[in-house]
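Participant: this is a predicted model, with the sequence first.
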Amino acid sequence: MDNILNFISTNQQIIYIVILMIFVGIEVIGHVPSVLHTPLMSGANAIHGVVVIGAIIVMGKANTDNYLALILGFLAVVLGTINVVGGFVVTDRMLEMFKKKPQPPKAT
Amino acid sequence: MGEHLLTVCYLIGSVAFILGLKMLSHPAAARKGNLVAAFGMVVAIAGTIFLYRDGETGQRLHNYTWIFSGLLIGGVVGILSAKKVKMTSMPEMVSLFNGMGGACAALISLVEFNHLSKELGEGTVKVASIQPTVLIIALGLIIGSVSFAGSLIAWGKLNGKVKDYSFTGQNILNLIFLAIALCAAVYLVIDPAQHFLLYIILLLSLLYGVLFVMPIGGADMPVVISLLNSFTGVAAACGGFLYDNKVMLTGGILVGAAGTLLTILMCKAMNRSLTNVLVGSFGGSNKSGVSIETKSQGVYKEISITDAAMVMNYANKVLIVPGYGLAVAQAQHICHELEKILEEKGVEVKYAIHPVAGRMPGHMNVLLAEADVNYEKLLEMEVANDEFKTTDVVLILGANDVVNPAAKNDPTSPIFGMPILEVENAKTVIVNKRSMKPGYAGIENDLFFQPKTAMLFGDAKKVLQNLCAEIKAV
C-alpha cells in the first residue's frame, strides 16, 4: 500500500498529464466530420511516431561495443522515422485533395 | 541551459500536436494542422538529438553516425513510399506505418530491458527500484508488438494478400494468449531476473496481434487500423514514462485517446459497437455468410450501355453511388466527365456518399475531390436518403454492402443494423459491377435481383467511358 501511494506521489506530475491529455484528446476531435476520419487517423498515426525520440535516446545511450543494443536501436530509429515522415507525407497527400474548395460547407 | 531549452522544445512539440490534431478535424484547416504537427515533431526530434542529457549521469547522446544514418534511411524510405503510393492504397500504407511505430516501441522495450537486466546482474540496482520500470517496459512491449503484428495483417488484408481466417474457439484462444502474456508480465515485474519471460511475452503478443486481426472481415479493417493506431499511441506513451519524456507522453496519450474516440465514431458510422468488432463477430459469422452465398442467386436483369445511356439521358435527376469498384478502377475522373456531360443535357447529377463506402471512411470524398468534383454535389447519407424518392436513376459504381437492403430487412445478416443508402426508393437502379460476386462482407445482395434493378457489368472506368460516348452521341 505504501509503495503504491509513494509511486503516485512521486509521479503525480505524469499522472496529471495523462489524465488531462486523455480529456484533451477526446475533446479536440469530438466534432470531426466523417469526411475527415481517414486523414485524421493518418495524422494521429504520424503523431504517435514521436516514439522515435525514445529510439534516438536508446541509440544515443548505447555503449559503442554493445552491438545488440546498437542494431536493435538502429532498427527502431529507422522504423520510427518511417512512421513519422511517411505518416505526415501521406496525410498531406490526402488533404491536398481538399484544398481547392474555397468554402467547404461542412456542418456535421 | 541546454536542458531548459530542451524543455521548451518539448513544450512546443506538445502544443503543436494538440493544435495540429484540433485543426485536422476541421476541413478548412486540416492541411495546415498536419503541417503544424509535423513542425512540432521536427522541433522535438531535433531538440532530443542536440540537447538531450541523461538525467543521472548528465552525459550527452553519442553514436551520432548511427542516429543520423537511421534518420536518413527512415526519412528517404518514408518519403518515397508515401509519395509513390496510389490513392487507393493509402489506407494500407497508414496501416503499415502504424505497424512500424509499434515495432519501434517494442524494440525500445527490448533494448531497455536488456540494459536493466545487465545492471541487475552486476548488482548495481535493486529489484524493488526497477519494478515500475519493468512494468512499463513489459506494457510497451505487449502493446507495441500487438500493434505491429496486427497492423501487418491489416495491411495484408487490405491489399488482398491475407485472406480472412478463423476457427472455432479462436476468440477464447486469443484471450488465453493475452492472459498468459499478461501473467508473464506480472511475474516478470515480481522477479525481473527471469529475463526469458520477456521473450515469451514478445512471442505471445505477436501471436495475439496476428490472431486478433485474422478473423475480422475487410469491412471492419478501418476500425481495426484506427484501434491499432491508438494502441501504438499508448505504446509511445509507455516510452514517455520510461524516459520521463513529456513530449512522448503527451503525444502518445493524445493519440491513444483521440484514436479510441475516432474508433468509436467509425463504429457508430456503421452502427456497430466496438466490442462487436473486437470479438470479431463480423468474421465470426462468416459461416452464415457462406450459407447465404450458396443459396440460389435468383434472376437478375442486364442492361446494355446504349440502354443505360438512354435512360440516364432522359432522366431529370441522377444520383451516383460510388464504392470501392470506382476506386480500384481509378474511374473518378471519367465519373466527373459523365457528370459534366449529363449536366450539359440538363440532368441534375449528385453523388450519394456512404460514410464507410470504399475501404476507409471518407475514402470516396478524397477520391472525388481528386477529380475536382464540386464539394456541394457530395451528399451525406441522410440527405441522400431523402433525395432518392425524387430520383429517376441511381447509378451504383462498384458499391455493394452499403446499398444492401439486408442491413435493414434481414436480422440474420452480418451487416444487419448498418445504416445504408436506400437506393431502392429511386425509380431505376443501374448497378455497375465487375461480376455477380458478393462484396467485401461476403454476403449476397438482394438489391441486384429486384425488378427495378439492372446490372451493367464491366470495369467501372471502361463502362463510364462508353457511357460518356453514348450519351454524347444521343
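Facilitator: Sure, I can see it.

Participant: which helix runs longest in chain A?
Facilitator: helix A:67-96 (DSSP state H).

Participant: that one - what's its average pLDDT?
Facilitator: Across helix A:67-96, pLDDT averages out at 93.

Participant: likewise stretch B:453-462?
Facilitator: In the prediction, stretch B:453-462 has an average pLDDT of 88.

Participant: send me it as PDB with only the CA atoms.
Facilitator: Listed next in PDB are the C-alpha coordinates belonging to stretch B:453-462 (Å, rounded to 0.1, in the frame of the first residue of the first chain):
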ATOM      1  CA  THR B 453     -32.500  -3.000 -60.800                       C
ATOM      2  CA  ALA B 454     -30.500  -3.500 -63.900                       C
ATOM      3  CA  MET B 455     -26.900  -4.800 -64.000                       C
ATOM      4  CA  LEU B 456     -24.200  -3.200 -66.100                       C
ATOM      5  CA  PHE B 457     -21.200  -5.500 -65.900                       C
ATOM      6  CA  GLY B 458     -17.600  -4.400 -66.500                       C
ATOM      7  CA  ASP B 459     -14.700  -2.400 -65.200                       C
ATOM      8  CA  ALA B 460     -16.000   1.000 -63.900                       C
ATOM      9  CA  LYS B 461     -13.600   3.000 -66.000                       C
ATOM     10  CA  LYS B 462     -14.400   1.300 -69.300                       C
END
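
Participant: ok, and for it, which residues are buried?
Facilitator: Residues of stretch B:453-462 classed as buried: B:453-456, B:458-461 (neighbour count, 16 or more other Cβ atoms under 10 Å in any protein chain shown). Yep, even glycine has a C-beta here, placed from its N, CA and C like the rest.

Participant: which ones among these map onto helices?
Facilitator: Applying DSSP H to the buried residues of stretch B:453-462, the entries found in helices are B:460-461.

Participant: widest-spaced pair of the buried residues of stretch B:453-462?
Facilitator: B:453 and B:461 (21.8 Å; Cβ to Cβ).

Participant: about what we covered before: other SSEs contacting the longest helix of chain A?
Facilitator: helix A:37-47, helix A:52-61, helix B:30-51, helix B:64-84, helix B:90-122 (3 or more Cβ pairs under 8 Å, 6 or more residues apart in numbering or on different chains; DSSP states H and E).

Participant: next one: it to chain centre, how far?
Facilitator: Distance of helix A:67-96 from the chain centroid (Cα atoms, centre = their mean, to the nearest Å) equals 11 Å.

Participant: separation between the residue nearest the centre of chain A and residue A:87?
Facilitator: Nearest to the geometric centre of chain A sits residue A:48, at 1.6 Å (Cα atoms, centre = their mean). Distance, residue A:48 to residue A:87, by Cβ to Cβ, to the nearest Å: 8 Å.

Participant: can you redo the buried residues of stretch B:453-462 as a markdown table with distance to residue B:53?
Facilitator: Converted to a markdown table, the buried residues of stretch B:453-462 look like this (distance: Cβ to Cβ, whole Å):
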| residue | distance to residue B:53 |
| --- | --- |
| B:453 | 69 |
| B:454 | 72 |
| B:455 | 69 |
| B:456 | 67 |
| B:458 | 65 |
| B:459 | 60 |
| B:460 | 58 |
| B:461 | 58 |
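
Participant: quick check: residue B:89 touching residue B:159?
Facilitator: Yes: using Cβ atoms under 8 Å, residue B:89 is in contact with residue B:159, at 6.6 Å.

Participant: per the record, what domains does the chain have?
Facilitator: Assuming you mean chain A. A:1-31, A:32-99 (automatic domain parsing).

Participant: that's the wrong chain, I wanted chain B
Facilitator: Taken from automatic domain parsing, chain B resolves into B:88-284, B:298-473.

Participant: mind checking the SS state of residue B:431?
Facilitator: Residue B:431 falls in the strand class when you classify it by DSSP: H, G, I helix; E, B strand; the rest coil.

Participant: and the closest residue to it other than its chain neighbours, backbone torsions?
Facilitator: Distances taken as Cβ to Cβ, 6 or more residues apart in numbering or on different chains put residue B:396 closest to residue B:431, at 4.6 Å, once the chain neighbours are dropped. With angles defined as degrees, to the nearest 10, residue B:396 sits at phi -100, psi 120.

Participant: report the separation between the residue lying farthest from the centre of chain B and residue B:232.
Facilitator: In chain B, the residue that sits farthest from the middle, by Cα atoms, centre = their mean, is residue B:123; the gap is 46.3 Å. In this view, residue B:123 and residue B:232 are 36 Å apart by Cβ to Cβ.

Participant: what does residue B:19 give?
Facilitator: Residue B:19 is 21 Å from residue B:232, by Cβ to Cβ.

Participant: please apply the same query to residue A:51.
Facilitator: Taking Cβ to Cβ as the measure, residue A:51 falls 7 Å from residue B:232.

Participant: find residues that contact each of those two.
Facilitator: B:101, B:105 (Cβ atoms under 8 Å, 6 or more residues apart in numbering or on different chains).

Participant: identify each buried residue in stretch A:15-26, please.
Facilitator: Applying a neighbour-count criterion of 16+ other Cβ under 10 Å, the buried positions in stretch A:15-26 are A:17-18, A:21-22, A:24-26.

Participant: dump these into JSON lines; add pLDDT as well.
Facilitator: Shown next, in JSON lines, are these (pLDDT from 0 to 100):
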{"residue": "A:17", "pLDDT": "93"}
{"residue": "A:18", "pLDDT": "94"}
{"residue": "A:21", "pLDDT": "94"}
{"residue": "A:22", "pLDDT": "95"}
{"residue": "A:24", "pLDDT": "94"}
{"residue": "A:25", "pLDDT": "93"}
{"residue": "A:26", "pLDDT": "93"}
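
Participant: which of these come close to chain B?
Facilitator: A:17-18, A:21-22, A:24-26 (Cβ under 8 Å from any Cβ of the partner chain).

Participant: leaving out the residues flanking it, which one is nearest to residue B:248?
Facilitator: In space, residue B:248 is closest to residue B:240, 3.5 Å off (Cβ to Cβ, 6+ apart).

Participant: mean confidence for the host helix or strand of that neighbour?
Facilitator: Here residue B:240, judged by DSSP states H and E, is contained in helix B:221-243. Across helix B:221-243, pLDDT averages out at 93.

Participant: specify the angle between it and helix A:67-96 in degrees.
Facilitator: 130 degrees (axes from the mean of the first three to the mean of the last three Cα atoms, to 10 degrees).

Participant: next, the buried residues of whatever helix or strand comes next after helix B:221-243.
Facilitator: The helix or strand immediately downstream of helix B:221-243 is helix B:246-269, counting by DSSP H and E. Within helix B:246-269, the residues that count as buried by 16+ other Cβ under 10 Å are B:246-267, B:269.

Participant: likewise stretch B:197-206?
Facilitator: For stretch B:197-206, the neighbour count (16+ other Cβ under 10 Å) marks B:197-198, B:200-202, B:204-206 as buried.

Participant: so does that stretch get close to chain A?
Facilitator: No: Stretch B:197-206 lies out of reach of chain A by Cβ under 8 Å from any Cβ, never closer than 12.0 Å.

Participant: can you tell if stretch B:98-107 touches chain A?
Facilitator: Yes: between stretch B:98-107 and chain A, judged by Cβ under 8 Å from any Cβ, the touching residues are B:98, B:100-101, B:103-105, B:107.

Participant: what is the neighbour count of residue B:35?
Facilitator: Neighbour count for residue B:35, taken as other Cβ atoms under 10 Å in any protein chain shown: 16.

Participant: got the contact list for it?
Facilitator: A:92, B:20.

Participant: separation between the residue nearest to the centre of chain A and residue B:213?
Facilitator: In terms of Cβ to Cβ, residue A:48 sits 18 Å off from residue B:213.

Participant: residue B:321 now?
Facilitator: 29 Å.

Participant: how about the helices in the stretch 251-400 of chain B?
Facilitator: Along the stretch 251-400 of chain B, the segments classed as helices by DSSP state H, counting those that start in this stretch run B:274-278, B:281-284, B:286-294, B:305-313, B:324-329, B:332-344, B:363-370, B:381-387.
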